[in-house]
Every structure is written in C-alpha cells, then in structure tokens.
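[1] just the structure for this:
(2 chains)
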Amino acid sequence: MTTAEESMLRANAIGTPLTRLDGTEKVTGTAPYAVEHPVDSPAHLHPLQAAIALGRATGIDTSAAEAEPGVLAVLTHANAPRLASTGNGELEILQSGEVGYRGQFLGGVIAETPEIARRAADLIRVHYERYEHDVELRADRDDLYKPEQVNPAFDTDTAQGDADGALASAAVTLDATYSTPMEHNNPMEPHATIACWTDGELTLHDSTQGVYWTQAAVAPLFELDQQQVRVISPHVGGGFGSKGIPHPNVVLAAMAARLVPGRPVKFPLTRQQMFSVVGYRTPTIQHVRLGADEQGRLSAITLDVVEQTAKVKEFAEQTAIPTRTMYAAPHRRTSHRLAALDTPVPTWMRAPGECPGMFGPEVAMDEMALACGLDPIEFRVRNEPETDPESGLPFSSRNLVACLREGARRFGWHDRDPRPGTRRHGEWLVGTGVAASTYPVFAMPGSQATIRATPDGRYAVRIGAVDIGTGTWTALTQIAADALEVSVGEVDLEIGSTTLPTASGAGGSSGINSWGSPIVAAARTLRARLDEHGGTVPAEGVEATEGMPDNPHTSQYAMHSFGAQFAEVWVNADTGEVSVPRLLGIFAAGRIINARTGRSQLLGGMTMGLSMALHEESVLDPRFGHVVNHDLAEYHIATNADVGSLEVDWLDEHDPYVNPMGSKGIGELGITGTAAAITNAAYHATGIRVRELPLHPDKFLR
Amino acid sequence: MIPFDYQRADRADGAVAAVGVRPAAAFLGGGTNLVDHLKLGVAEPELLVDVTRLPFDGIDTLPDGGVRVGATVRNSDLAAEAIVRQRYPVLSQALLSGASGQLRNLATTGGNLLQRTRCPYFQDVTTPCNKREPGQGCSARGGYTRYHAILGASEHCVATHPSDMAVALTALDATVHVTGPNGQRDIPVTELHRLPGDEPHRDTVLEHGDLITAVDLPELPMAARSRYRKVRDRASYAFALVSVAAALDVEDGTVREARIALGGVAHKPWRANTAEQALRGAPATEQSFREAAEAELAEAQPVRDNAFKVPMARNTLVATLRDLAGEEAR
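    Numbers count the residues shown, from 1 in each chain, chains lettered A, B, ... in the order given. As a prediction, the model looks like this:
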C-alpha cells in the first residue's frame, strides 16, 4: 500500500504562474458566454414577475401582449408545461397562480426580439388576491425554528461541556451581538440561458457553476432522463454561488422553449431581475459569548445564530461552522435558528457559512483580546487548539499561527500601539487590525475523468468541469501534465459540457480537489497501460477513465485552510468616510496549483471581503417585500477607487493527506475574515466599535 | 419600454419645434439618465429628438470676463478645460466626482442639469410614486431613505437631485440660457430646479419644448479658490450623501464673501444663503463656520434613515470652509 507521501504528485507545472490558457479569447471578446453562442433564428424571452409578496394571481390578461407584432407566445401557468413534483418549491414555477415572494416568475413573453418581448411583458395585466406577507427577520421572533441540518449537511447545533457555567465563573467575559445584512452575489455576467428542444430533448447553453448540477435539477422536472438534457457552459462570467444549483430562470427558459419547438430561446436576466430570482446571502444575527481566565485562555465559546430562509424552499446558512474549528475552549456551544419568510430563496454566496461566520466571532476575538489586555495576535496564539476542538481529530495541516506571525512581520505589526483613536494623518484617523481566515477542504464525490493518448503525442483530457473565471482551464491542464509527466503543451483539456464525463460543480472551493483527483487517477492508469505497450502509443490510441478515488484520510484528519488578514483603515474625523489604504493576506492552503490564477483568486476574495466590509447591503422594504436598491448604482460593490494596496502571499504548506495534488482549494478562503480585520482596524482608528456591517460613514460620525 | 421615433436635430429651432408640437416628445442628450428611464418604463416618450449634434459644443470667454459653456459640451471635456480648472476649480472637481468616466464622456452640460431627481421608488414602476403618477402616494416616506432630502421636501416627495455639477453651478451663480416655443430667456441656475411642493412631478421650471443652449459662468475671482467636497458610501460611482460646493474670500482673518451650495440634501441644489449671510463679516474661524452651518441646517427635517445627514452636512461644510480658509492663509 502506498503512503500518502508516496501518492503525492511531483510538481513540475504545478506551482508555476502559467498564464491563462483562455486569456486571449477572453480579452479579445471571442470566448463565448452563455447567450453568445451562435444559434439559428433565436427567439427571446422576457419574464412576467409578481408585483406582490404573497397571494395569488386571480387573472392574467395577456391579450394586449399577444396582439403585439413579433410576439410568438405568451407563457403563464395556464399554458405552462406541467412539471414533475421534485419537492423543490423554488424551481416548480407556473404550476398555479400562487405567489410566494415578490418578483417570482408568473410567466413570460417569447418574441422575435428582446425589445418586443420586454414591451409585450409590460402590457400583461395581472389581478391579484393579496395575503398578508411576512418578510422581516428579527432575533426576537417567536417562530424561529431549528432546521434538521445546515448547509450542506452539518449538525445544526453542537455543545461540549458546560458553556453557561464556564461563562458564569470566567475572569473575563464578552457578550456581544453582531450582524451582517442581506447581500446579493452579483456576478458580472448575468444568469443567462439559451434553451432549445429538439426531438423531445433539451439543450441548455447556460451560465452555470455545474453543467451536471443543472442537468440533475432540470431533467426530473421535465420527466427526462439525465442524458436527454445537454448542458453546455465553456466560459462563465462569475457565479459566486448563485449559479450553483439552477434557479427558476433556467426552468422558465426551458418552459418557454417548449412553446416554440425547434427554436432556441435566449433568456439573459437583467440586473434588477437577479435581485429577486437567483438567490442571496441571508442576513445573519450572531450572538457571541466568550469567557477566559486571567492569562487570556478561553474557557468558553458560544455562538448562537439567527438567520432567514424562504417558505418556498429551505436554505440554512452554516454560519456557526468555523467557530467549531477556530479556537480551543473546553466548554462550547453553537446553534442555528431560522425564520421562514415570504422572501426569495437564499442560497450559497461567496463562502456561505464561513464568510459571515468569520465576521462576528473574529471581531469578538479582537474585543476579547483588548479585555484581556493582550495583543490580538498573541490572544489567538494562546487559544490555538492542538486538535480540532469539536471532533478531536488531528489537523492534516494547520498553519494559522505561522500565517499570523508572517503577516505581522510583513505588515509591521510589532510596534503597534493598541490604544484606539490616537493616530492621525491630517483629517484622517488611522488604525490597524487583524483577523483570521479559514475554509474547510471539501471534495465532492462522483467526478470522472477520461484521458486519451494518441500517437501524435497528444493527451486529450475530458471532464465535465467548469471554469467560472477562476482558472480551471489552466489549473487542470497543469495537474494533467504533471500526472502524465508531460509538458502542458501536450495536453488538450475539454471541460464545460455534459457530453464529457460526469463531474461535480464549482462550489465549496472543491473544484480542483474534486476534478484534479480523478484526472491524476486516470493519468496513472493511462501511464500503466502505456507501459504495457512498451511506452509507445499504439495506432488506435490508449484511453483510461477513472472516478474520484476514496480518500481514507478524510475520516482521520480535520482538513482546513487558514490565513491571517491585516488591514490599515483611515476614517475621516469630519465625515466618517472609511478608506482602506492597505490590506495584506497571508494564507496556508496546501499547494497552490497556479501561482498567478491562485493569487488572483485570493486578491479577488479579499476585494469581495473589503466590499462586504464597506459597502454591500441589500435593503429589503418590508411593506413591499422587495430589495429596494436592486441595481449596481444603488447596491454598492467596491470600485477600483476603494481598493488601495492589496498584497497576497502564502506559506509553502505540505499536506499529503488532502489529495494527490496536496491542494486545499482557495476560491473562498480569501473573503473570510477580511471584514473583521477592517472592522477591527476601524475600531483601532476611532475607538468606535461597529458590530453591524457594512461600515457606512454615518456609523463613525461625531 | 415603448416603441418610439428618433430624430436627429441640426438646428435648435427645429428641435424645439419638433418637441414642442408633440406632448410625448423629449430631447435626448447623452442619454445617461433618459435611456435608463426608458428601459425602466419610468419615461415613455413617443419621440426622441437628439440634440447632441447642435452647434453648442464650445467653451468661450465672454467680453465681461465670464465663460459660456455650450449645452452639448460633454462633462469630461468641461472638467478638463484649463480655464475651468484655473478659474472655477469647484466645477471641475464636481464634474469629476460624478458618475463614472464612461458616463462623463457621454453626459452633456444641459442633460446633466436636467437629470431627474433620484429615488429608488421613483425608478421602480411597481411601487407608488407621486413623481411618476401624481396622487399615487410617496413610497419613500416610511421606506428606504438613506439618500433622501433633509431640506425643502414635501409630504408628496422627499427625493434629492443627484447632479454634482449643478451644485457647483449653484454656488457660482451660473445662468442658464433657454430657447423654447415662446422664444429665448435666461434663468439663474438657482431658480432652474424646484422644490417638490404639491407638484413633485416637476423637477424644474422649464416648460415642454424648452431647450437649454448654454450655461454662463459669471466673472468671479474668488472662485479661483473654491472646492467641491463630496461624501459618499464608496469612493467612486456613487451619489452624494451630502456634498458641499464652496468659495471663500477672506481678508485679514475676516470673511468678506462666501458662496456655498449643498448637494444630496434637497430636491434641488441647495444654495446656503443663510450660511453665507452668517459668514459675511464674521471671523474666519472654526466656530463661525460651525455656527453658519448650524444656522443653515436649523430647518432640516430628516426622515427615517437619514438623520445622520444633518451632522454630516454640518461637518462637511465646516471642513470645506476650514480648508479654504487655510488655503487663503497660505
């Protein structure tokens, strides 16, 4: 039996900053995104959306729309295809006139041009019976409930020891509530689909994080075999979780295409539509309590989270998960409670769980360090666990302390004066802050890779993976080259279609782990077969297919990435404006497959963390049940001008247990902890402790 | 969005005639506001008359020492013009703080002045709005009002005017030249925009068919030391929470003259006459500045989400005057 060390891939192409293989196509605008695929005589869909939050459409008058020249068909629940019941209330649209949230699809217009479709959709008149809706999340609701598990399959609550007792007897305690607002994913490319039915089979050019995820969700709705739904998605302009499992827009496009058989139907969402139908991050309310002894050793950690889900379909954000792993304490408790509301369905967004869950607790650690009279880095070091605090498993690798120390050195932390509100640069108050980052190492089952060697010296690597802008095309090519022991130039990778071997999607930072492992396994099998042929490729070629290998270490080790983020924050003493001239992130995430795209992912994650800290907030109007600021002028995402010096580096971390590549996944690590580091720095600048994101200027006004 | 006709005008009188005779016609400048509203269903003109090719693209010095800015001069070009940067820095700074580079390349001087007041409920045809349909009710009152007015609002409308440029022009006492179905007239920019009162659908005093042809900046030596300070939720591409356009003339530690306008606080650019009056003859001190700011804001009536705008406007005005006074002292 080979040991973990022996089965590790030798790095040759891996770790180099290979430029993106799809870079030229992208910067020259020739990489086809979903609705850009050339199709013959496309029709265009514009949706009809509910203008009430709860109730029933009692009448939908489509006559004016149908009379518009160029309109091909008008879709409502009266003529929509019947869907099989799969228990997914989000996707099972147009089966009745019931409205479960404002903006829900009630139908659509299919026309010769997008303009005609849009105009005709405006002409549809809907009569409603309204029911009283309920869209307000509050921690004091009496109908909060405990979900059976939290995303994707974690325990809802955990407890060890006697947290309340330990808190009662602790020398130093903290009891504070933190909150993060509703946030929307907002990838650059909107959700977009071309749907076409041919001979009873469905083809979807879809902007998705998983071609097989889309296939698996759509096929049963239309009572098709999986193979009867073909999903194609070679390039995706960002997803951030909202293109993981498909949303109702894909179903509506497929329904509309049914009404015009043989014609492809194009359906790109507008930015405003994206705010009601493709998911968002739930607002979170995080009640943190910490207890410590005189030396600053934690005796108790509790985190009780309140958040929302939709009545239409449950989604339980796993906000308390990182607290189960971050710091040692003998007495501990975590819990999640949900309010089910008449809102759109929340979903995965940019490190679901870890991202909001590393805000409250990491600000609390800063507050507690001060209360204990300790530097926040020293306080974290004192509470570093030897094994995973809840499971007791050893870590496959854990370098949080090394990240904190290296970051402190690089950032110039050592001579920091801990007193808040004492540094000034002109009209600006200056402060620095730190927070930790973490993300679990996920690997999804089910992926397969096929590699074919041909006598011309080429290696065709095929897997139904996707590239959502992260660099999959490039990184998988590097992994395949090293596994085959050839150069990257000899590898021809194919991804982005269900005509390729089955694969999991891009989510949970698991893509490289889940697609790279079967590629390595297939390459090893192929090389063994080539050896049987004496090392030469026969005329008919040689092929090998392997699935995702079992990893025995996943039950033996706790596997997580870690990092440390440092922020310098300036707050204007007159206006309260918040500026972040400097961010530094030091990470330990196993082997980084591509130094260039990997750096970009961490930079992007930290930029999204900055955006979360300073800007992002979806404002829900409880009277109407809609997000008021539903466009990119009003929903603020960080601009270039908001980002100052942004520096990223990582430690060389050797972890033979996670997978043969030694990689942990870096798609989401960078966003975790950023908002806490910035919030802690803003406190250091001003002496004002903000516990509710975002850090708008008015919170610092005096 | 409704189907509409499009014409390109090559003469001002022709453009005025084309729009004047059709009640549902509108002038099209850079389109950065109107085209958005077309897509949203907020504006439904049947005819657009494109005025961007009219011969109003010059920036010229006038015999009296002022400067005439043609109505079709793009915001980017106006901001970059040397005479503007030297003699009216407040205007250049205001322009560059607005929108994005792409939008400024399209937006015209006349169009910038005539952009509609901004409110997310106005922009969403599924929520009631008195500005879109008088009598429907105001959804902003009782709703999300972070960006809304604290001065001069009415029960019918609490929206704010979003232009940065117009705030600078208001401080500078610019004059707007208009040609319309009833001939030509000049309107002080301070009188161009309206408070909502009981006619919130009217943003300006212009009548249907009135076309802005130019904006005159008066000779104003004190404007060479002027400043635009915009406070917003992000560093670029965001509307003002509050903004201050100010010029200050200080001699021997005493304020001789002040020109101040506030943005982001009202349905129109808000000329701070009370503050100016309080400052004339006052010592150029932090205390005077603060008293002047507080006097100006004494009548402020915040709504649900924007009580912070009162201290924010006060502090921003004080800071801007402090900067200008310090500059003067050097």
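[2] in contact with the spatially most central residue of chain B, which residues?
    Closest to where the C-alpha atoms of chain B average out (Cα atoms, centre = their mean) is residue B:166, at 2.7 Å. Residues counted as contacts of residue B:166 (Cβ atoms under 8 Å, 6 or more residues apart in numbering or on different chains) are B:112, B:113, B:189, B:193, B:263, B:269. Placement of C-beta: from N, CA and C, glycine included.
[3] element containing the closest residue in space to the last one that isn't next to it in sequence, please.
    Spatially, and ignoring its direct neighbours in sequence, residue B:269 is nearest to residue B:170 (4.0 Å; Cβ to Cβ, 6 or more residues apart in numbering or on different chains). Residue B:170 is part of helix B:165-171, with elements assigned from DSSP states H and E.
[4] and the very next helix or strand once past that helix, average pLDDT?
    Scanning forward in sequence from helix B:165-171 by DSSP H and E, the next helix or strand is strand B:175-180. Model confidence over strand B:175-180, given as mean pLDDT, is 98.
[5] what does stretch A:70-89 give?
    Across stretch A:70-89, pLDDT averages out at 96.
[6] how about the residue lying farthest from the centre of chain A, secondary structure?
    In chain A, the residue that sits farthest from the middle, by Cα atoms, centre = their mean, is residue A:534; the gap is 46.0 Å. Secondary structure of residue A:534, reduced to three states by DSSP: H, G, I helix; E, B strand; the rest coil: coil.
[7] host element of residue B:256?
    Secondary structure assignment for residue B:256, by DSSP H and E: strand B:254-263.
[8] each with direction, which strands does the helix or strand following that strand pair with?
    The element immediately downstream of strand B:254-263 (helix or strand, assigned by DSSP H and E) is strand B:270-271. If you go by DSSP bridges, strand B:270-271 pairs up with strand B:254-263 (antiparallel).
[9] the strand it pairs with - what's its average pLDDT?
    The predicted model gives strand B:254-263 an average pLDDT of 98.
[10] and for stretch A:400-409?
    When pLDDT is averaged over stretch A:400-409, the result is 98.
[11] list the contacts for residue 123?
    No chain in the question, so chain A it is. A:64, A:65, A:68.
[12] let me rephrase: I mean chain B.
    Under the criterion of Cβ under 8 Å, 6+ apart, the contact list for residue B:123 reads B:36, B:37, B:40, B:42.
[13] among those, who's most crowded?
    Note: the member of those with the most neighbours is residue B:37, at 20 neighbours, neighbours being other Cβ atoms under 10 Å in any protein chain shown.
[14] my read is that residue is in a helix, agree?
    Yes. Secondary structure of residue B:37 (three-state DSSP): part of a helix.
[15] not counting sequence-adjacent ones, nearest residue to it?
    Using Cβ to Cβ, 6+ apart, the nearest residue to residue B:37 is residue B:43, at 3.8 Å.
[16] ok, the one you found - contacts?
    Contact criterion Cβ under 8 Å, 6+ apart gives B:26, B:34, B:37 as the residues in contact with residue B:43.
[17] go again using 10 Å as the cut-off
    Residue B:43 is in contact with B:1, B:2, B:4, B:24, B:26, B:33, B:34, B:35, B:36, B:37, B:116, B:132, counting by Cβ atoms under 10 Å, 6 or more residues apart in numbering or on different chains.
[18] who in the stretch 1-150 of chain A is up against chain B?
    Counting by Cβ under 10 Å from any Cβ of the partner chain, the stretch 1-150 of chain A comes close to chain B at A:49-52, A:68, A:102-103, A:115-116, A:118-119, A:122-123.
[19] mind splitting chain A into its structural domains?
    Using automatic domain parsing, the domain parsing of chain A gives A:23-31+A:444-550, A:35-132+A:186-277, A:149-183+A:281-441+A:556-700.
[20] next, format the ones you listed as a markdown table and append distance to residue B:19.
    Putting those into a markdown table (distance: least, Cβ to Cβ, whole Å) gives the following:
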| stretch | distance to residue B:19 |
| --- | --- |
| domain A:23-31+A:444-550 | 38 |
| domain A:35-132+A:186-277 | 23 |
| domain A:149-183+A:281-441+A:556-700 | 27 |
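[21] looking at those domains, which is nearest to residue B:197?
    Closest of the domains of chain A to residue B:197 is domain A:149-183+A:281-441+A:556-700, at 24.8 Å (criterion: Cβ to Cβ).
[22] start to end distance for the closest one?
    Domain A:149-183+A:281-441+A:556-700 has its terminal residues 38 Å apart, counting by Cα to Cα, to the nearest Å.
[23] check which helix or strand residue A:367 maps to.
    Short version, using DSSP H and E: residue A:367 is in helix A:360-371.
[24] please apply the same query to residue A:475.
    When secondary structure is defined using DSSP H and E, the element that contains residue A:475 is helix A:472-484.
[25] now swap in residue A:434 and tell me
    Residue A:434 is part of strand A:428-440, with elements assigned from DSSP H and E.
[26] helices of the stretch 151-300 of chain B, residue ranges please.
    For the stretch 151-300 of chain B, the helices identified by DSSP state H, counting those that start in this stretch occupy B:165-171, B:273-279, B:286-296, in order along the chain.
[27] sorry, slip of the keys, the one I care about is the stretch 1-150 of chain A.
    For the stretch 1-150 of chain A, the helices defined by DSSP H, counting those that start in this stretch occupy A:4-7, A:23-27, A:63-67, A:114-122.
[28] also the stretch 601-702 of chain A?
    Assigned helices in the stretch 601-702 of chain A, in chain order: A:674-686 (criterion: DSSP H, counting those that start in this stretch).
[29] which residues of the stretch 251-400 of chain A lie near chain B?
    Counting by Cβ under 10 Å from any Cβ, the residues of the stretch 251-400 of chain A lying close to chain B are A:270, A:272.
[30] all helices for the stretch 251-400 of chain A, in order.
    Taking DSSP H, counting those that start in this stretch as the test, the helices found in the stretch 251-400 of chain A are A:271-277, A:354-357, A:360-371, A:376-382, A:400-411.
[31] how far off centre is whichever helix in chain B runs longest?
    Among the elements of type helix in chain B, defined by DSSP state H, the one spanning the most residues is helix B:309-329. Using Cα atoms, centre = their mean, to the nearest Å, the mean C-alpha position of helix B:309-329 is found 20 Å from that of the whole chain.
[32] go on, stretch B:150-169?
    A distance of 8 Å separates the centroid of the chain from that of stretch B:150-169, by Cα atoms, centre = their mean.
[33] for stretch A:216-233, same thing?
    The gap between where stretch A:216-233 is centred and where its chain is centred comes out at 24 Å by Cα atoms, centre = their mean.
[34] buried residues of it, list them for me.
    By 16 or more other Cβ atoms under 10 Å in any protein chain shown, the buried positions in stretch A:216-233 come out as A:216-222, A:224, A:228-233.
[35] in helices, which of these fall?
    Among those, the ones falling in helices (DSSP H) are A:216, A:217, A:218, A:219, A:220, A:221.
[36] now do the same contact list for the closest residue to the fifth one other than its chain neighbours.
    Ranked by Cβ to Cβ, 6+ apart and with sequence neighbours excluded, the top spatial neighbour of residue A:220 is residue A:86, at 5.2 Å. Counting by Cβ under 10 Å, 6+ apart, residue A:86 makes contact with A:92, A:217, A:219, A:220, A:221.
[37] look up how far residue B:290 lies from residue A:86.
    Per Cβ to Cβ, to the nearest Å, residue A:86 is found 65 Å from residue B:290.
[38] residue A:523 too?
    In this structure, residue A:523 and residue B:290 are separated by 73 Å, where distance is defined by Cβ to Cβ.
[39] I figured residue A:619 hits residue B:120, correct?
    Yes. In this structure, residue A:619 sits in contact with residue B:120. The criterion is Cβ atoms under 10 Å, and the distance is 8.5 Å.
[40] any chance of the buried residues of stretch A:216-233 in CSV, with distance to residue A:162 too?
    Shown next, in CSV, are the buried residues of stretch A:216-233 (distance: Cβ to Cβ, whole Å):
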residue, distance to residue A:162
A:216, 44
A:217, 44
A:218, 49
A:219, 50
A:220, 47
A:221, 49
A:222, 53
A:224, 54
A:228, 57
A:229, 53
A:230, 57
A:231, 51
A:232, 56
A:233, 51
